[in-house]
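Asks: kindly return the folded structure for what I paste below:
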Amino acid sequence: MPNTDPNYYLRISTANDLEDKRDRMLYRFFEILPGFLSFSVLALAVILSWKLPLAVAFFIISYDLYWLARSIYFSAHLRSGYVRMKAYEETDWLRELRENKLPPNKELNGASWQDLYHLVLLPTYKEPQEIVRSAFLALRNSDYPKDKMIVVLSCEESAQKSSMGMAKTIYQEFGKDFFKLLITWHPKNLKGEIPGHGSNDAWAAKAAKKEIIDPLKIPYENVIVSSFDRDTCVFPKYFSCLAYHYLASKKPTRTSFQPVPLYINNIWQTPVISRVFAFSSTFWHTMNQERPEKLITFSSHSMSFKALDEVGFKLPNVVSDDSRIFWQCFLQFNGDYRTDPLYYPVSMDANAAGSFRQTMVNIYKQQRRWAYGACEIPYFLFGFVKNKKIPLSRKITLSWELIEGHVSWATSTILIFCLGWLPLFLGGNEFSHTLVSYNLPVITSRILTVSMLGILISVYFSMLILPPKPIDYGKYKYLYFALEWFLQPFIMIFFTAFPALDAQTRLMLGKYMGFWVTPKTRKT
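Replies: Numbers count the residues shown, from 1 in each chain. Predicted structure coming up:
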């Protein structure tokens with residue numbers, strides 16, 4: 001890739017995209033960094049347990065206490081996030097818009113909410129018709145005026161035979177419900193693309209610009225684009241809530257808006273491990289709403305079409321397109337970009353397949369794909385090197401947050417549940433006869449037992465967000481749901497840490513991943 005364009009670094013997918021040898025070596029170093037740090041942490045845990053067992057024993061106790069404090073901290077955020085989410089659900093946002101209490105937004109040239117359009121992008125690939133239809137039903141049932149909604153169902157040309165009937169049926173049923181409903185077909189085998197959500201999403205946005213927005217001369221800043229997964233079902237007030245916060249934002253065209261993802265569409269039909277994962281993901285993102293300074297777009301999110309156009313739309317050659325678009329904007333606008341929490345839910349499917357074994361395989365692959373978000377680390381680190389206009393303090397803070405987060409993702413559960421025993425096995429006879437050796441398992445087990453109170457909090461909130469139980473499900477189903485949470489330690493090691501190490505290893509070795517589409521199945 002020639003470096004004549006000063007912003008060439010914004011379009012990088014991997015080190016292979018760089019022609020300059022020094023740039024390529026630097027980017028490769030950044031690609032190696034997450035995996036190197038994670039494996040170094042685990043290797044040091046083993047070596048130091050052998051050479052310095054006493055020091056490691058005190059570290060273990062300190063580390064467990066640290067995670068106990070984190071559990072308390074996150075539980076407080078979870079409760080606060082849940083309370084705010086329920087308050088947002090109860091607010092009549094359309095009435096708030098109609099009462100016109102917001103001052104004119106200078107960045108939007110004084111546009112009112114009646115001037116705003118919602119552009120909804122729904123990329124799809126071989127999904128059953130009932131899943132796509134449920135997403136459209138939710139759009140139709142939302143409270144925002146439909147004459148201000150543009151919907152794009154973007155299908156893949158490679159799946160045209162299986163998707164053509166679905167697309168026609170959707171258009172016939174919903175074509176008259178919105179201001180515009182556009183069906184697009186993302187061509188296969190386009191040069192420089194990775195088939196997946198990001199490339200399809202970019203194709204859909206460009207098609208909407210060419211066929212609807214530009215011909216109608218709609219100002220880009222008056223269009224809010226929502227990039228959804230094909231199973232995303234909006235809650236009824238989503239678009240009115242989004243419009244209100246877009247108008248209230250100090251810099252709406254420099255802001256993304258992140259709703260709370262609830263993985264509950266098919267929660268009653270999923271196996272035990274999938275349910276625990278679904279709620280864990282929901283709770284993690286609910287807690288993150290309380291930390292806006294660390295918030296980055298994930299999965300379904302919304303942003304200004306003006307910003308999306310200025311950065312050249314989503315990159316079609318990346319796997320983690322949902323987080324990459326944030327970093328594209330952050331670098332393009334010299335750090336003047338942020339993600340605001342939108343304490344309003346959208347619902348999606350939990351992982352489910354035709355068999356328990358296949359569901360477990362799919363969970364692992366999905367977690368690995370999410371953990372492959374570590375590829376954002378070399379992207380923004382390289383961007384930080386090239387972009388001199390972003391404040392150094394901001395670079396350091398964000399770098400630490402993202403790197404520490406991915407290293408913890410891959411190592412923390414292994415350290416918590418396994419490290420406590422290493423000094424006992426590797427410390428030798430001299431350490432085994434010390435008082436610390438005798439008390440170490442007792443102290444760590446008690447700390448972890450207290451930490452298990454977090455599971456009870458998770459049980460409580462999971463019951464609150466469950467959709468109504470199907471009438472043919474037994475009365476003890478809620479009890480099963482509660483007991484399933486005690487599988488979390490096992491799940492966190494084998495379906496969280498291991499997929500993260502897998503993804504980081506692939507990135508470290510230059511064995512780059514493609515986009516794996518999570519199969520969506522739902523009993524009717």
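Asks: tell me the confidence at residue 420?
Replies: pLDDT for residue 420: 71.
Asks: thought it was touching residue 63?
Replies: No - Residue 420 is beyond contact range of residue 63, at 9.1 Å (criterion: Cβ atoms under 8 Å). Every C-beta, even on glycine, is put in place using the N, C-alpha and C of the backbone.
Asks: more neighbours: which of the two?
Replies: The neighbour count for residue 420 versus residue 63, taken as other Cβ atoms under 10 Å, is higher for residue 420 (23 against 18).
Asks: distance of the more buried one relative to residue 61?
Replies: 9 Å (Cβ to Cβ, to the nearest Å).
Asks: give me the common contacts of these two.
Replies: 440, 444 (Cβ atoms under 8 Å, 6 or more residues apart in numbering).
Asks: any weak-confidence spans in this structure?
Replies: In the predicted model, the chain carries pLDDT under 70 at residues 1-4, 452-455, 472-478, 482, 485, 522-524.
Asks: give me the longest strand you can find in it.
Replies: As assigned by DSSP state E, the longest strand anywhere in the chain is strand 338-348.
Asks: with just CA atoms, put that one into PDB.
Replies: In PDB, the C-alpha atoms belonging to strand 338-348 read as follows (Å, rounded to 0.1, in the frame of the first residue of the first chain):
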ATOM      1  CA  ARG A 338     -16.400   9.000  21.800                       C
ATOM      2  CA  THR A 339     -19.000   6.400  22.500                       C
ATOM      3  CA  ASP A 340     -21.900   7.400  24.600                       C
ATOM      4  CA  PRO A 341     -23.900   4.900  26.600                       C
ATOM      5  CA  LEU A 342     -27.500   4.500  25.600                       C
ATOM      6  CA  TYR A 343     -29.100   2.800  28.600                       C
ATOM      7  CA  TYR A 344     -31.800   1.300  26.400                       C
ATOM      8  CA  PRO A 345     -31.900  -2.400  25.300                       C
ATOM      9  CA  VAL A 346     -31.900  -4.300  22.100                       C
ATOM     10  CA  SER A 347     -32.300  -8.000  22.200                       C
ATOM     11  CA  MET A 348     -30.400 -10.700  20.200                       C
END
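Asks: quick one: distance of it to the chain centre.
Replies: Offset of strand 338-348 from its chain centre (Cα atoms, centre = their mean, to the nearest Å): 11 Å.
Asks: run through the neighbouring helices and strands of the very next helix or strand once past that strand.
Replies: Past strand 338-348, further along toward the C-terminus, the next helix or strand under DSSP states H and E is helix 356-371. If you count contacts as 3 or more Cβ pairs under 8 Å, 6 or more residues apart in numbering; DSSP states H and E, helix 356-371 packs onto helix 272-288, helix 392-418, helix 498-509.
Asks: tell me the helices and strands packed up against the second one.
Replies: By that I understand helix 392-418. Using 3+ Cβ pairs under 8 Å, 6+ apart: helix 392-418 touches helix 21-51, helix 53-90, helix 356-371, helix 376-386, helix 488-492, helix 498-509.
Asks: wait, which of those is closest to residue 182?
Replies: Nearest of the helices and strands packed on helix 392-418 to residue 182, taken as Cβ to Cβ: helix 356-371 at 27.7 Å.
Asks: let me know the angle separating that closest one from helix 272-288.
Replies: Put simply, helix 356-371 runs at 20 degrees to helix 272-288, going by axes from the mean of the first three to the mean of the last three Cα atoms, to 10 degrees.
Asks: buried ones in helix 356-371?
Replies: 359, 360, 362, 363, 364, 365, 366, 367, 368, 369, 370, 371 (16 or more other Cβ atoms under 10 Å).
Asks: got these as CSV, with distance to residue 486 columns?
Replies: Shown next, in CSV, are the buried residues of helix 356-371 (distance: Cβ to Cβ, whole Å):
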residue, distance to residue 486
359, 19
360, 18
362, 23
363, 18
364, 21
365, 25
366, 23
367, 20
368, 25
369, 27
370, 24
371, 24
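Asks: between these, which is closest to residue 140?
Replies: Closest to residue 140, out of all of those and judged by Cβ to Cβ, is residue 366, at 28.6 Å.
Asks: does that closest one really touch residue 351, like I thought?
Replies: Yes - under the criterion of Cβ under 8 Å, residue 366 makes contact with residue 351 at 5.9 Å.
Asks: next, the residue nearest the centre of the chain: secondary structure please.
Replies: Nearest residue to the geometric centre of the chain (Cα atoms, centre = their mean): residue 298, 2.9 Å. At residue 298, secondary structure determined by DSSP: H, G, I helix; E, B strand; the rest coil is coil.
Asks: after whichever strand or helix holds residue 225, next one along is what?
Replies: Assigned by DSSP H and E, residue 225 belongs to strand 223-227. Following strand 223-227 in sequence order, the next helix or strand is strand 233-234 (DSSP H and E).
Asks: who are the packing partners of that next one?
Replies: Counting contacts by 3+ Cβ pairs under 8 Å, 6+ apart, strand 233-234 packs against helix 129-141, strand 338-348.
Asks: could you rerun that using 6 Å?
Replies: Secondary-structure packing of strand 233-234 (3 or more Cβ pairs under 6 Å, 6 or more residues apart in numbering; DSSP states H and E): helix 129-141.
Asks: what's the next secondary structure element after the helix it packs on?
Replies: strand 149-156.
Asks: now tell me what touches that following strand from outside.
Replies: With contact meaning Cβ atoms under 6 Å, 6 or more residues apart in numbering, strand 149-156 is reached by 118-125, 163, 167, 178-186, 200, 204, 208, 212.
Asks: inside helices: which ones of those residues?
Replies: Per DSSP state H, helices hold the following members of those: 163, 167, 200, 204, 208.
Asks: give the closest residue to the third one in space, chain neighbours not counted.
Replies: Setting aside the residues directly before and after it, residue 200 is nearest to residue 123 in space (Cβ to Cβ, 6 or more residues apart in numbering), at 3.7 Å.
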